[in-house]
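Asks: Dropping a prediction and its sequence here:
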Amino acid sequence: MPPVFAHGRLRLYLLKLLDEAPRHGYEVIRLLEERFEGLYAPSAGTVYPRLAKLEAEGLVTYATEGGRKVYSITEAGRAELADRGGELADLELEIRDSVSELAAEIRADVSGAAGDLRREMRAAASASATQVEDESWKAAKEELRKARQEWKEQARRAKDESRRAREEAQQARRQAKEAQERAREEVQRIAGQLQEQFAKSGGVLGSLAGAWLGGTGGTSAPTASTPEAAPAADWAEDLTPTGDPVRDLDRLLDRFRDEVRDAARDHGVTPAQLAESRAHLAAAAARLTAALRTR
């Protein structure tokens with residue numbers, strides 16, 4: 001691109017701008033950019049040295065305002081501007097032509113750049129589409145491979161967990177069966193001991209249990225150690241049957257408990273009596289349980 005200003009023409013145009021009004025350097029640069037419609041903007045390194053030279057030649061002067069130099073044209077500067085009036089008119093035409101040429105060159109550059117950019121974008125888009133397609137296919141295959149691997153791993157874990165669950169269930173059944181066998185043996189052993197103790201036992205609780213059992217074959221006469229034991233015939237006869245055997249049995253057990261507790265509270269309990277009571281209670285419980293299980 002040829003120079004915007006021929007030799008000496010920028011100096012003349014600076015005098016014209018300062019003849020219009022006093023201006024500081026930045027304002028001169030901005031006005032030049034506006035006159036060229038933004039297509040040309042001189043640098044500070046171009047404008048300020050020329051203003052300094054004009055000031056040294058006495059064609060312009062400056063005053064400092066707010067820390068900045070504001071340049072004004074002098075009478076000598078106006079005289080030179082008047083002497084070069086025809087040259088200034090040619091300069092105005094050159095500026096308009098320069099603006100047109102700059103605009104045309106910029107349009108051509110932009111058009112060429114746009115064409116190049118479109119071609120590059122089409123080529124890039126084509127290459128990108130191919131690359132994206134290849135990468136998408138590779139990614140899809142990798143995802144499928146991972147999904148299959150994960151499914152196989154989950155199936156293996158499920159199979160292992162199912163096997164462990166079956167083994168644990170089998171072990172639990174064996175343990176439950178063994179526990180039932182041990183419980184059955186223990187119950188049989190305790191029942192045998194209670195029956196033996198009941199056969200050998202005597203005293204107030206044995207008489208009371210026999211009287212309470214009544215028609216179950218467990219009657220026995222009161223002894224000297226049970227002076228307050230009631231006869232079997234009239235014990236708890238004040239409890240009117242409800243028609244529900246289970247409820248009536250609960251009421252008889254409550255009466256039995258209350259009478260034994262009252263006797264213990266009224267007369268006290270010695271360690272020997274406590275031991276004897278425990279044996280009689282165990283024997284009575286075994287006898288009653290066996291009786292209730294008989295159909």
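Replies: Yep, that arrived.
Asks: Does anything pack onto whichever helix or strand Asp116 is part of? Which helices or strands?
Replies: Element membership of Asp116 [criterion: DSSP states H and E] is helix 85-200. Contact partners of helix 85-200 among helices and strands, from 3 or more CB pairs under 8 Å, 6 or more residues apart in numbering; DSSP states H and E: helix 9-20, helix 271-293. The way it works is simple: take the backbone N, C-alpha and C, and place the C-beta from them, glycine included.
Asks: Find the one among those helices with the highest mean neighbour count.
Replies: Among these, ranked by average contacts under mean count of other CB atoms under 10 Å, first place goes to helix 9-20 (a mean of 18).
Asks: ok, residues contacting it?
Replies: 5, 23, 28, 31-32, 42, 46-47, 50-51, 53-54, 59-60, 71-73, 77-78, 80-81, 84, 87-88, 91, 94-95 (CB atoms under 8 Å, 6 or more residues apart in numbering).
Asks: Just the buried residues from those, in ChimeraX please.
Replies: Of the contacts of helix 9-20, the buried ones can be selected in ChimeraX as follows, counting by 16 or more other CB atoms under 10 Å:
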select :5,23,28,31,32,42,47,50,51,54,59,60,71,73,77,80,81,84,88,91,94,95
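Asks: Roughly how far does Leu39 sit from Glu33?
Replies: According to CB to CB, to the nearest Å, Leu39 and Glu33 sit 9 Å apart.
Asks: Can you check which of the helices and strands packed on helix 85-200 gets nearest to Ile190?
Replies: Between Ile190 and these, the tightest spacing by CB to CB is seen for helix 271-293, at 8.0 Å.
Asks: Just put the helices and strands packed on helix 85-200 in JSON lines and tack on distance to Arg164 and mean pLDDT.
Replies: JSON lines is the format used below for the helices and strands packed on helix 85-200 (distance: least, CB to CB, whole Å; pLDDT from 0 to 100):
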{"stretch": "helix 9-20", "distance to Arg164": "94", "mean pLDDT": "88"}
{"stretch": "helix 271-293", "distance to Arg164": "41", "mean pLDDT": "90"}
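Asks: Tell me which of the ones you listed lies nearest to Asp244.
Replies: When these are compared by CB to CB, helix 271-293 sits nearest Asp244, at 15.0 Å.
Asks: Off-centre distance for that closest one?
Replies: In terms of CA atoms, centre = their mean, to the nearest Å, the centre of helix 271-293 is found 64 Å from the chain centre.
Asks: so what secondary structure elements neighbour that helix?
Replies: helix 85-200, helix 204-213.
Asks: Packed most tightly, which of the ones you listed would that be?
Replies: Comparing these on average neighbours per residue, with mean count of other CB under 10 Å, the densest one is helix 204-213 at a mean of 22.
Asks: how big is the angle separating the helix holding Asp116 from helix 9-20?
Replies: Helix 85-200 and helix 9-20 are oriented at 90 degrees to each other (axes from the mean of the first three to the mean of the last three CA atoms, to 10 degrees).
Asks: give me the low-pLDDT residue ranges for this protein?
Replies: 1-8, 98-107, 109-110, 128-129, 132, 187, 191-234, 295 (pLDDT under 70).
Asks: mind giving me the domain ranges of it?
Replies: 9-115, 201-293 (automatic domain parsing).
Asks: Columns distance to Lys146 on top of the ones you listed, output as JSON lines?
Replies: Shown next, in JSON lines, are these (distance: least, CB to CB, whole Å):
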{"stretch": "domain 9-115", "distance to Lys146": "45"}
{"stretch": "domain 201-293", "distance to Lys146": "65"}
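Asks: Minimum distance to Ala179: which of those domains has it?
Replies: domain 201-293 (20.8 Å).
Asks: ok, so what distance separates Asp262 from Gln188?
Replies: Asp262 is 35 Å from Gln188, by CB to CB.
Asks: Which residues does stretch 165-172 contact?
Replies: Contacts of stretch 165-172 (CB under 8 Å, 6+ apart): none.
Asks: CA atoms only: put that stretch into PDB for me.
Replies: Extracted in PDB, the C-alpha atoms of stretch 165-172 (Å, rounded to 0.1, in the frame of the first residue of the first chain):
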ATOM      1  CA  ALA A 165     -26.200 -67.900  49.800                       C
ATOM      2  CA  ARG A 166     -27.000 -71.500  49.100                       C
ATOM      3  CA  GLU A 167     -24.000 -72.600  51.200                       C
ATOM      4  CA  GLU A 168     -25.000 -70.300  54.100                       C
ATOM      5  CA  ALA A 169     -28.600 -71.600  53.900                       C
ATOM      6  CA  GLN A 170     -27.500 -75.200  54.100                       C
ATOM      7  CA  GLN A 171     -25.200 -74.400  57.000                       C
ATOM      8  CA  ALA A 172     -28.100 -72.500  58.800                       C
END
